[in-house]
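Asker: next comes the sequence, and after it the predicted model I'd like to discuss.
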Amino acid sequence: MVAGVVLLLAGPVLADSNSDYRAGSDFAHQIQGQGTGSIQSFNPQDSIPGYNANPDETKYYGGVTAGGDSGLKNDGTTQWATGETGKTITESFMNKPKDILSPDAPFIETGRDVINRADSIVGNTGQQCSAQEINRSEFTNYTCERDTTVEEYCTRTASITGDWKETTEVKTYTLTAFSFSRNEKLIVFSVTAPEAGIIRSASLNVTTQNYLWNSAARFMNSTFNMTWNSTITLSGATGMTLSKGQVLSGISCSGNGYCTGTLDDRIFNELTSGRTKLTLTLVMQVKDREWIPRVEWVESCPFNKVDGVLKGTECTEPGGTKTGIMEEKPWSLTEACWAYRDNYVTQSADNGTCQAYVDNPACTLAARQCAFSSDEGTCLHEYATYSCESKTAGKVMICGGDVFCLDGECDKAQSGKSNDFGEAVSQLAALAAAGKDVAALNGVDVRAFTGQAKFCRKAAAGFSNCCKDGGWGQDVGLAQCNSEEKALGKAKKDKLTVSVGEFCSKKVLGVCLQKKRSYCQFDSKLAQIVQQQGRNGQLHISFGSSKHPDCRGITVDELQQIKFDRLDFTNFYEDLMNNQKIPDSGALTEKVKEQIADQLKQAGK
């Protein structure tokens, strides 16, 4: 009974499953091939703008089974070696000054001391106690500004030109193109002068098949008779001056000049038919000219060479002999080099505000960042970050394997944290200064740490560099700088400025004669720190262009976005210490020692 019920129930279930299967199968057959058909009929040119079926890069793809890179690596290496980008990066890398580590740096001395005391540090394994001195190094980063070495180049390219030199030349001309006419009974024969010049000699050759009946002739200041074949020297022609295209005419008459009967008619027919021929040979001194090639050097220099110092010259187009043809005459010219590249140092490196860190053996260059570049992309001024090590000593008691701290310095070494008040006080001072600026504005265009745009003239022809970052007061050449430039120099020394850029302020015929640098100058170090590191460093708000610096103050909204705990107030610490109002860590440590000693004395009573 139960089995029958199960069978009855299974029937409808199987029927539903079969119908669903058939419907799905029919649908699958219906859409079969539609996907591949869509792909096969797809025309990428109609759907993808700028589609190229065979771009240049296809030569690097040899298929999924191809081995190697199909020349991609070689082409990349070639482009790196010959392309301007690769050359620029290579030159920058090769010309980068080496980072010099002083052997007197504290961390190096500490390492040597550890080596020398290695046995005393790890060699004692007994339980006896011994006092030891430990050293702690603290590294502080300082950011400063300085000029970089800038090299620019001029090119000199040889251009071949020349001059015409007047000369004379003796040439021989053979003329046969005579024309003939009649003047009554006289026969007139004419020919055209081929060139201008002076006749040195002339002769007339007569070739005939018939007797010329002793015809008397006058031609080119010469008289003669024509009978049979002969060559007649025209002595009277010597010295005649001819012009090019001048018609030279002569006459003849038979019978020694009597023009006998119809004989001249016969002779005329002989001449016009070509059976009698006249050939004139002229030896002439003619004017000529010779092209004398010479080199003119074309120089291209995007800067005033007076501002730079020539560092070196290299030949960019090897020398050799060049040839050519001028008026069907060959010429040649030889040069040792056809093009030069003259390298100039247009800006010498200046340590600027980094001088103190450069001179300090405890300071090491940690990072560099370009502050601004020239129009050609060359870095002119950079921010340099120096990591300076300060070393303090502490006393410990080592008993067996245990270390006991005798003062607070070893606790600092273990925690790695400084208890100095400098950072906290600097942040409070910055916020207080910002609040003071905001309060003074009475709610109108509220901004804090507003600066002023300042400019100085950089070295030009016969002019001193009034943008120097250091050396003010010692360089007598700065006497030409005005009071504003001198005040700017002091502000830079006091670390109150932010460099914006450099631009050409005076240009003549494409050559810059005078450059200027622009800065934003602020009233305090705190303002400079918040502006440079907060506004520019964190919020990435530019200080404008070199010609138009934007030294505006920071808005309240921008102040709220600045993370003051990430600002480096190191430059402000000096002012804190100079005020002598805040005790340093050493003084606090000594005071704590005294208090502990007093407590111990009181406890022992």
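Answerer: Everything's here; your move.

Asker: next, the buried residues of the strand ranked longest in the chain.
Answerer: Ranked by residue count and defined by DSSP state E, the top strand of the chain is strand 150-175. Buried positions in strand 150-175, judged by neighbour count with 16 or more other C-beta atoms under 10 Å: 150, 152-154, 156, 158, 162, 175. (C-beta placed from N, C-alpha, C; glycine too.)

Asker: wait, which of the residues you listed is closest to residue 326?
Answerer: Top of the list for closeness to residue 326, among those and by C-beta to C-beta, is residue 162 at 7.4 Å.

Asker: the closest one pairs with what?
Answerer: residue 293 (DSSP bridges).

Asker: what's the answer for residue 501, then?
Answerer: Beta-bridge pairing for residue 501 (DSSP bridges): residue 518.

Asker: how about it, what does it touch?
Answerer: Residues near residue 501 by C-beta atoms under 8 Å, 6 or more residues apart in numbering: 372, 517-518, 545-547, 549.

Asker: give me the subset of these lying in helices.
Answerer: Of the contacts of residue 501, none are assigned to helices by DSSP state H.

Asker: tell me which helix or strand comes right after the longest strand of the chain.
Answerer: Sequence-wise, the next helix or strand downstream of strand 150-175 (DSSP states H and E) is strand 179-183.

Asker: return the list of helices and strands in contact with that next one.
Answerer: If contacts are counted by 3 or more C-beta pairs under 8 Å, 6 or more residues apart in numbering; DSSP states H and E, strand 179-183 sits against strand 186-192, helix 263-273.

Asker: re earlier: for PyMOL, write the select line for the buried members of the contacts of residue 501.
Answerer: Buried residues within those, by 16+ other C-beta under 10 Å, are selected in PyMOL with:
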select buried, resi 372+517+518+546+549
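
Asker: turn the contacts of residue 501 into a markdown table, including pLDDT and distance to residue 313.
Answerer: A markdown table is the format used below for the contacts of residue 501 (pLDDT from 0 to 100; distance: C-beta to C-beta, whole Å):
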| residue | pLDDT | distance to residue 313 |
| --- | --- | --- |
| 372 | 88 | 29 |
| 517 | 92 | 30 |
| 518 | 94 | 34 |
| 545 | 92 | 35 |
| 546 | 91 | 31 |
| 547 | 93 | 34 |
| 549 | 94 | 38 |
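
Asker: include distance to residue 137 when you put the contacts of residue 501 into JSON lines, please.
Answerer: Listed next are the contacts of residue 501 as JSON lines, based on distance: C-beta to C-beta, whole Å:
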{"residue": "372", "distance to residue 137": "35"}
{"residue": "517", "distance to residue 137": "38"}
{"residue": "518", "distance to residue 137": "40"}
{"residue": "545", "distance to residue 137": "43"}
{"residue": "546", "distance to residue 137": "41"}
{"residue": "547", "distance to residue 137": "46"}
{"residue": "549", "distance to residue 137": "40"}
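
Asker: inside strands: which ones of the contacts of residue 501?
Answerer: Members of the contacts of residue 501 lying in strands (criterion: DSSP E): 372, 517-518.

Asker: can you lay out those as JSON lines showing distance to residue 77?
Answerer: Output for the ones in strands among the contacts of residue 501, formatted as JSON lines (distance: C-beta to C-beta, whole Å):
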{"residue": "372", "distance to residue 77": "33"}
{"residue": "517", "distance to residue 77": "40"}
{"residue": "518", "distance to residue 77": "42"}
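
Asker: re the thing from before, relative to residue 450, which of the helices and strands packed on strand 179-183 is closest?
Answerer: Closest of the helices and strands packed on strand 179-183 to residue 450 is strand 186-192, at 92.6 Å (criterion: C-beta to C-beta).

Asker: got the contact list for the closest one?
Answerer: Outside strand 186-192, the residues that reach it (C-beta under 8 Å, 6+ apart) are 175, 177-182, 215, 219, 245-253, 259, 264, 267-268, 271, 278, 280.

Asker: generate a ChimeraX selection restricted to the buried entries among these.
Answerer: Here is the ChimeraX command that selects the buried residues among these (16+ other C-beta under 10 Å):
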select :175,178,180,215,219,248,250,252,253,259,264,267,268,271,278,280
